[in-house]
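>>> give me a model of this one.
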Amino acid sequence: MTEEDRSPDRINILLVDDQPARLLSYRTILEPLGENLVEAQSGTDALGKLMDMEFAVILLDVHMPGMDGFETASMIHEHPRFEKTPIIFVTAINTSELDRMQGYNLGAVDYVTVPVIPEILRSKVIVLAELFRKRRDLQELNRNLAVANEELRVEKNREVHKLNEILSSANANLAAANASLQSEIAVRRRAEEQLTEVDRRKDEFLATLAHELRNPLAPIQSALNVHKLEPKDEERRQLVGIIERQVQLLARLVDDLLDVARITSGKLALRKQHVPMLDVLEAAVESTRPAIESAGHTLHIDIHDCEVPLYVDAQRLGQVFANVLSNAAKYTAAGGTIWLRSVCEDGQMVVSVRDTGIGLTQEQCAQIFELFVQVDASLERVRGGLGIGLTLVRQLVEMHGGNVVVHSDGPGLGSEFVIRIPMDSGDAIGVEQQKPPTDVIAGSPLRILVVDDNHDGADMLALTLSILGHQVSTVYEPLKALAAAESFLPDLAFLDIGMPALNGYELATLFRGRPWASKLLLVALTGWGQEENRQRSAAAGFDEHLVKPIELETIESICQRALAQKALESIPLPGPRADQNA
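Next up is the predicted model:
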């Protein structure tokens, strides 16, 4: 078989007959069709050809020796590949209807008798060949369609899978975004609640501050009213005592406010030194004893001193213990009991203050150290306070590396505050004893210059210094202070820091640049008491840095120092000995 015979455009037609002459006649009749004609001379030969090739139609002789046409047809159609292959039986003998029926049952599509009429045979084969081509094209289309369907199915599955992945990822991202949003909403809600709570505490604090400031101002105003009525000397001394106590109360309120601001802004520095624990606790007890005794409380003290002194800021730590003792006295009904106990254990000083006071709820225990938290929120506010004392306690204790906790069994069952301060792990250093103040040094009055743009403040300080027996010059305008000082030549000068046009630092620098001011004692007056302010004062040439308001004892101490300095300057130096001049 040639390559041309295998052309896909030509179909195969099997011619089966045991007589070569007939095969030649079949070929002659069908060759004009241009199809591929394959010859077989027996049924067995035909079956062999079928195994190698696919045929559009089989022209099969019925009467062949050995395996006749019916048997061959039967075996052809029993094979699954060929069960649909059309067969045209060729016979030279008249066939009965039964024979035709048998042929049709075996898969024959038609009968042709010999002699064969070429046109009839050719037309039958043409029809069957065209049907084969149509069936083959349809099968090819079906195969292509199946392939296309499979590719489409795979592509759709891929797209669906990809879409599912995208949807899953989107769902996961959406779930994460929802969770994040819910978390953010919860955070914002908590922040709003906290801001609302802080705002509420702020409003309470401002109202409390106004109340607490009016409390000392009221007796001060009353004392001034009585003073206008020209009281007797005994009544005058009583008025002075009232004013002094209330001014001290105002100063403590302002100091607490400043301390909170300094600590929260990180500007409060501790001045640590080695001090005995006993000294710190005794100072705190003495400062709060009047309040404890006035309320009729019983104070039980059980203090065990430590062998190693504490390395602490004694003033600030004393403030801590005093605040806790003051709170115990304030929030315990008259005639109550307060226990102060201290021990040294595990390298820590442990101080506890327990009382029989109003007690605390669990919620109050958790919030008691927060800024502006008030336990007594009643309208009468019989116990007073700004709600910052215990905040200072916690912050100062933590600055010392310690901690403070509070415990209460509930309202009406009292409270206990426990403070732990780590002890110094280094070598014990001897504690410098407090030197008593020196006596007033007698001598001539001091020449004192007061410079302050606040007329009332300057006049009151000048009046105090005058009453102490000194000669005072007062200047309200800082630009005139230098000329006044050069004319007055003071021994001591008080300069306010916050003045317009020329502040106290600048004025002190100008003073120090003059020869006459080399021995001048310069004192800064200010409302700022942070360490950086003190350092700036020292750098400007000040000898002392005083924070307003100034107590009388401080003023007297400064004057004593100036008098001592003046007395030393007045002592003549010894002259040369006679033998040295010889």
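>>> please, which helix or strand holds Val472?
Using DSSP states H and E, Val472 sits in strand 471-475.
>>> helices or strands up against whichever helix or strand comes after that strand?
Next in sequence after strand 471-475, counting helices and strands by DSSP H and E, comes helix 481-488. Where contact means 3 or more C-beta pairs under 8 Å, 6 or more residues apart in numbering; DSSP states H and E, helix 481-488 is packed against strand 447-451, strand 471-475, helix 504-512. For the C-beta atoms, the positions are set from N, CA and C on the backbone; glycine is no exception.
>>> for the ones you listed, which one sits closest to Glu31?
helix 504-512 (129.2 Å; C-beta to C-beta).
>>> any idea of the mean pLDDT in the closest one?
Averaged over helix 504-512, pLDDT sits at 94.
>>> of the helices and strands packed on helix 481-488, which is nearest Met399?
Using C-beta to C-beta, the helices and strands packed on helix 481-488 put helix 504-512 closest to Met399, at 28.5 Å.
>>> quick one: the closest one to strand 471-475, angle?
Helix 504-512 and strand 471-475 are oriented at 130 degrees to each other (axes from the mean of the first three to the mean of the last three C-alpha atoms, to 10 degrees).
>>> now do helix 504-512: distance to the chain's middle.
In terms of C-alpha atoms, centre = their mean, to the nearest Å, the centre of helix 504-512 is set 47 Å apart from its chain centre.
>>> then stretch 15-35?
99 Å.
>>> pull out the buried residues from that stretch.
For stretch 15-35, a neighbour-count test (16 or more other C-beta atoms under 10 Å) marks 15-18, 22-23, 25-26, 29-30, 35 as buried.
>>> assumed Phe89 was part of a strand.
Yes: using DSSP: H, G, I helix; E, B strand; the rest coil, the secondary structure at Phe89 is a strand.
>>> that one: how many residues sit nearby?
26 (other C-beta atoms under 10 Å).
>>> quick one, what contacts it?
Contact analysis of Phe89 by C-beta atoms under 8 Å, 6 or more residues apart in numbering lists 60-62, 69, 73, 103, 108, 110-112.
>>> name the element the residue nearest to the spatial centre of the chain belongs to?
By C-alpha atoms, centre = their mean, the chain has its centre lying nearest to Val187, at 10.0 Å. For Val187, the host element (DSSP H and E) is helix 118-228.
>>> thinking Ser466 is in contact with Val472, fair?
Yes: Ser466 lies in contact with Val472 (C-beta atoms under 8 Å); the separation is 5.3 Å.
>>> circling back: deepest of the helices and strands packed on helix 481-488, which one?
Greatest average neighbour count among the helices and strands packed on helix 481-488 goes to strand 447-451 (a mean of 24), per mean count of other C-beta atoms under 10 Å.
>>> tell me the secondary structure for Ala328?
helix.
>>> tell me how many other residues crowd the residue lying closest to it once chain neighbours are set aside.
Distances taken as C-beta to C-beta, 6 or more residues apart in numbering place Asp355 nearest to Ala328, at 4.0 Å, with adjacent residues excluded. Asp355 has 27 neighbours, counted by other C-beta under 10 Å.
>>> begin at 49 from here
Happy to do that; since the first residue is 49 now, the last one works out to Asp403.
>>> in the sheet, who's paired with Asp403?
Beta-bridge partners recorded for Asp403 (DSSP bridges): Ile386.
>>> contacts only, for it.
376-377, 379-380, 384-387, 462-464.
>>> of those - the most surrounded one?
When neighbours are counted by other C-beta under 10 Å, Ala376 leads these with 29 neighbours.
>>> what about that residue, distance to Leu81?
Ala376 sits at a distance of 126 Å from Leu81 (criterion: C-beta to C-beta, to the nearest Å).
>>> same deal with Gln187?
Distance from Gln187 to Leu81, by C-beta to C-beta: 22 Å.
>>> closest one to Met99 among the helices and strands packed on helix 529-536?
Shortest distance between Met99 and the helices and strands packed on helix 529-536, using C-beta to C-beta, is found for helix 552-560: 119.7 Å.
>>> ok and the closest one relative to helix 529-536, angle-wise?
40 degrees.
>>> what residues does stretch 203-213 touch?
Stretch 203-213 has contacts (C-beta under 8 Å, 6+ apart) with no other residue.
>>> off-centre distance for it?
41 Å.
>>> please apply the same query to stretch 534-546.
Centre-to-centre, stretch 534-546 and its host chain are 52 Å apart (C-alpha atoms, centre = their mean).
>>> do stretch 127-140 as well
89 Å.
>>> now swap in stretch 566-584 and tell me
40 Å.
>>> give the rounded mean pLDDT of it.
Rounded mean pLDDT across stretch 566-584 is 88.
>>> then stretch 467-476?
68.
>>> if we can go back for a sec, for the strand holding Val520, which outside residues touch it?
493-500, 506-507, 510, 513-514, 529, 532, 536, 538.
>>> please apply the same query to stretch 509-518.
The contact list for stretch 509-518, computed with C-beta under 8 Å, 6+ apart, reads 493-496, 498, 500, 520, 522, 542, 573, 598, 600, 603-604, 607.
>>> one more: stretch 61-74?
By C-beta under 8 Å, 6+ apart, stretch 61-74 touches 75, 78, 83-91, 93-94, 97-98, 101, 103-109, 112-113, 117, 120, 138, 162, 164, 169, 173, 177.
>>> filter the residues you listed down to the ones in helices?
75, 78, 91, 93-94, 97-98, 117, 120, 169, 173, 177 (DSSP state H).
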